[in-house]
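J.: make a model of this:
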Amino acid sequence: MPASGPAVSLRRVTRRFGELVAVDALDLDVHEGEFLSLLGPSGCGKTTTLRLIAGFEQPDEGEVWIGGRDVAGLPPYKRAVNTVFQSYALFPHLNVVDNVAYGLKQRGLSRRARRAKAQELLALVRLPDVARRKPRELSGGMQQRVALARALVLSPRVLLLDEPLGALDLKLRKELQVFLKTLHKDVGITFVYVTHDQEEALGMSDRVAVMNRGQIEQLAPPQEIYDRPATRFVADFIGETNFIGAVGVRPEQIRVDRQQGGIPATVVTTMVVGPALQLVVKTDDGQEVLVREQRRVNGSEALAEGERVYLTWPEDAALVLDHPKGGYE
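T.: The predicted structure follows:
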């Protein structure tokens, strides 16, 4: 495979743990310089896929290529990648600048050279003034940025991120999502990001690979993943979807009207969720349907529990769910 090809390529990669097939004949190309997220529920194979790229796991079958080089069988330190984990794994006895510079020390750089490079990376992650502090003196978000600086200081071709924001509270996690997206643009290298948080994946990524049972159900830009899910699993996992007969419809696409026309139903509950109104209605055949729309004066927010309504949606809102074939590029 030529060096001008994808940053990372997996070819028919399989990884088994006893009877469990964690990754099943997986094909995947990660483009040079893109932010790609591996998204899926626990046990879908996303973390094992990341570990196969990193070299912490080796495939039972298939090929792993990084930068045009077949790296299957090579240990992590012989691959042009570095990994950031959910646990910061900083050395508690070293100050921040020495934590960041640690990998450079292993490469034999002088103390002055490695500290200068580490300080440069601390400025990149917006922590130029914490070099002399110990990790315990930093907040969780600051420690995670130090871990990012330590991973980037070795100039990896690919940065692998294994649920790096999972241990943070919601507000800080959202702040660091924006930070990571900006950092990716600044450094220009390939990011492969593992998460089970769909909002995180859709908000930060150039493309998202939705995984299920060791395989990729769909690989596409976030908007396509949401608007045109390829399979029922993707439609069900990403956001919320009503399956009405053989049709999938997002809650925000459904319209509720008192006038006859459409599918007859009865209002079960109504709930104000910030600027949105959320309703659960039950069709006459017993199916519950979730509806979400913007609140408006003298509109459907006046609907009462038990009231008769009719459901409609635009023709182009119906989701066509086909199972994809072949690999992903």
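
J.: immediately after the host helix or strand of A265, which helix or strand?
T.: Assigned by DSSP states H and E, A265 belongs to strand 263-273. Scanning forward in sequence from strand 263-273 by DSSP H and E, the next helix or strand is strand 276-283.

J.: pLDDT on that following strand, on average?
T.: Mean pLDDT, computed over strand 276-283, is 91.

J.: kindly export it (C-alpha atoms) in PDB.
T.: C-alpha atoms of strand 276-283 as PDB (Å, rounded to 0.1, in the frame of the first residue of the first chain):
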ATOM      1  CA  ALA A 276     -39.000  22.300  23.000                       C
ATOM      2  CA  LEU A 277     -42.300  20.600  23.600                       C
ATOM      3  CA  GLN A 278     -42.100  16.800  23.900                       C
ATOM      4  CA  LEU A 279     -45.200  14.700  23.500                       C
ATOM      5  CA  VAL A 280     -45.900  11.000  23.700                       C
ATOM      6  CA  VAL A 281     -48.900   9.900  21.800                       C
ATOM      7  CA  LYS A 282     -50.400   6.500  21.200                       C
ATOM      8  CA  THR A 283     -51.800   5.500  17.900                       C
END
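
J.: residues contacting the most centrally placed residue in the chain?
T.: The residue lying closest to the centre of the chain (Cα atoms, centre = their mean) is A201, at 3.0 Å. Contacts were defined as Cβ atoms under 8 Å, 6 or more residues apart in numbering; by that measure A201 touches S37, L39, Y193, T195, V208, P222. (Each C-beta comes from the backbone N, C-alpha and C, glycine too.)

J.: neighbours of the nearest residue to P128 once chain neighbours are set aside, how many?
T.: Nearest residue to P128 in three dimensions, chain neighbours excluded: L122, at 5.5 Å (Cβ to Cβ, 6 or more residues apart in numbering). Residues near L122, counting by other Cβ atoms under 10 Å, number 24.

J.: where do the domain boundaries of the chain fall?
T.: 8-229, 240-312 (automatic domain parsing).

J.: which residues of the stretch 201-329 of the chain fall in strands?
T.: Remark: strands assigned in the stretch 201-329 of the chain by DSSP state E, counting those that start in this stretch are 207-212, 215-220, 242-244, 247-249, 255-257, 263-273, 276-283, 288-294, 308-312.

J.: give me whichever of those is most buried.
T.: The highest average neighbour count among these, using mean count of other Cβ atoms under 10 Å, belongs to strand 207-212 at a mean of 24.

J.: and that strand, which strands flank it?
T.: If you go by DSSP bridges, strand 207-212 pairs up with strand 35-39 (parallel), strand 215-220 (antiparallel).

J.: export those to TSV and tack on mean pLDDT and distance to Q177?
T.: Formatted as TSV, those follow (pLDDT from 0 to 100; distance: least, Cβ to Cβ, whole Å):
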stretch	mean pLDDT	distance to Q177
strand 35-39	97	11
strand 215-220	96	20
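
J.: quick one: closest of the ones you listed to R173.
T.: Closest to R173 of the strands paired with strand 207-212, according to Cβ to Cβ: strand 35-39, at 14.5 Å.
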